[in-house]
Each structure stands twice: as structure tokens, then as C-alpha cells.
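1. Structure for this input, please:
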Amino acid sequence: MDKPKVVRAGMGIMVMDLDGRVLMGLRNDDADKASSELAGEGTWTMPGGKFEFGDDLFAGAARELKEETDLDAAHMEIKSITNDKYGDAAHFVTLGFLCTEYTGEVKTMEPDEITEWRWFSLDALPAKIFGPSRKVIDNYLAKRLTGDA
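-> Model prediction:
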């Protein structure tokens, strides 16, 4: 029996430092370890993931940020809503959060999935960015909530 096709909810957290740089993590080249239904292996991504059943929006995003980077979010805002599809395999509505207030030092908490974290200037981003993260950044730069038609 085929698994029912459902739209799921995900999030990307655009962590920005005082210099206006964003935090991006390099996903493992191995698709199984990169752990994405949206084919993100070998790309740079912002912290994020899937909402769990019962999550509050901001608490869910803070949980993912902590799990992946060990940062504690002090304040976040929703800056983007995107529709992300990977053929017939996966479909997510992604909330893009902006986090400029946080505490802690960035650590690679899940090294099998994200091999390293680096800060990038918005005008010097890496070439291969995970699709949903790219959309969040594009919406932020264009000062729009969504780029979907």
C-alpha cells in the first residue's frame, strides 16, 4: 500500500551575527547522512528541520537551533514562508525565521549530518545552497514574505 502524500511543515533559522553574516552548515555529501527528504546533500544550509507534532512555532525553531548548533535563541521573527517540493517524494511548507539575538558558541552538534558551520556575508554566500535555505535568504533580501506565485 502506498504511503499517503502529505504536506509537512519545516523551518529554516537564519542566524545573523552583529556583522550581518549568516550561519550556514555544510550538509554531508552522503544523502543518507545529510538527512533531507528534499535532496540537500553537499549543500550549505541554515539550521532547521521539521516541526514535530505539538511543537509551538518558535519553540520548535529554538529546539532545532539548539540541537544543531548549541545556540539558544533569545528572539526570533518569521520572515519567510515558502513552498518546497522535491518531485513526488516530498512537499514542505517552510517557515523562515530570523534570529539576531542568541547566546552561546556555535558547535557542530550533529557532525554526521552537518560537517561544519561557517559565517557568510550576504554578499559572499557559497555557490551550492540548500533550496529551502536559498528561498529564505532571497525572501529576506527582497523584503518579502513569500516568493511563491
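
2. From here on, just use CA atoms for contacts and neighbour counts.
-> Fine.

3. Which SSE is immediately downstream of the lowest-mean-pLDDT helix or strand in the chain?
-> Of all helical and strand segments in the chain, the minimum by mean pLDDT, DSSP states H and E falls on helix 31-34, at a mean of 64. Downstream of helix 31-34, the first helix or strand assigned by DSSP states H and E is strand 44-45.

4. How far does that next one sit from its chain's centre?
-> 8 Å (Cα atoms, centre = their mean, to the nearest Å).

5. Let me see the mean pLDDT of that strand.
-> Averaging pLDDT along strand 44-45 yields 97.

6. Count the neighbours of residue 115 for me.
-> 16 (other Cα atoms under 10 Å).

7. Show me what counts as buried in the helix or strand where it lies.
-> Here residue 115 sits within strand 114-121, counting by DSSP H and E. By 16 or more other Cα atoms under 10 Å, the buried positions in strand 114-121 come out as 114-117, 119-120.

8. Please produce JSON lines containing those residues, extended by pLDDT.
-> Output for those, formatted as JSON lines (pLDDT from 0 to 100):
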{"residue": "114", "pLDDT": "94"}
{"residue": "115", "pLDDT": "95"}
{"residue": "116", "pLDDT": "97"}
{"residue": "117", "pLDDT": "98"}
{"residue": "119", "pLDDT": "98"}
{"residue": "120", "pLDDT": "98"}
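
9. Looking at those residues, which is nearest residue 138?
-> residue 120 (14.6 Å; Cα to Cα).

10. I'd like the distance from the closest one to residue 44, if you could.
-> 11 Å (Cα to Cα, to the nearest Å).

11. which residues are in contact with both of these two?
-> 24, 126 (Cα atoms under 8 Å, 6 or more residues apart in numbering).

12. Okay, strands next: where are they in the protein?
-> Per DSSP state E, the chain carries strands over the ranges 8-15, 21-27, 44-45, 48-50, 72-86, 90-103, 114-121.

13. hey, which of the ones you listed is tucked in deepest?
-> Comparing those by mean neighbour count (mean count of other Cα atoms under 10 Å), strand 44-45 ranks first with a mean of 26.

14. what ranges of the protein fall below the confidence cut-off?
-> Scanning the chain for pLDDT under 70 picks out the ranges 1, 31-38, 149.
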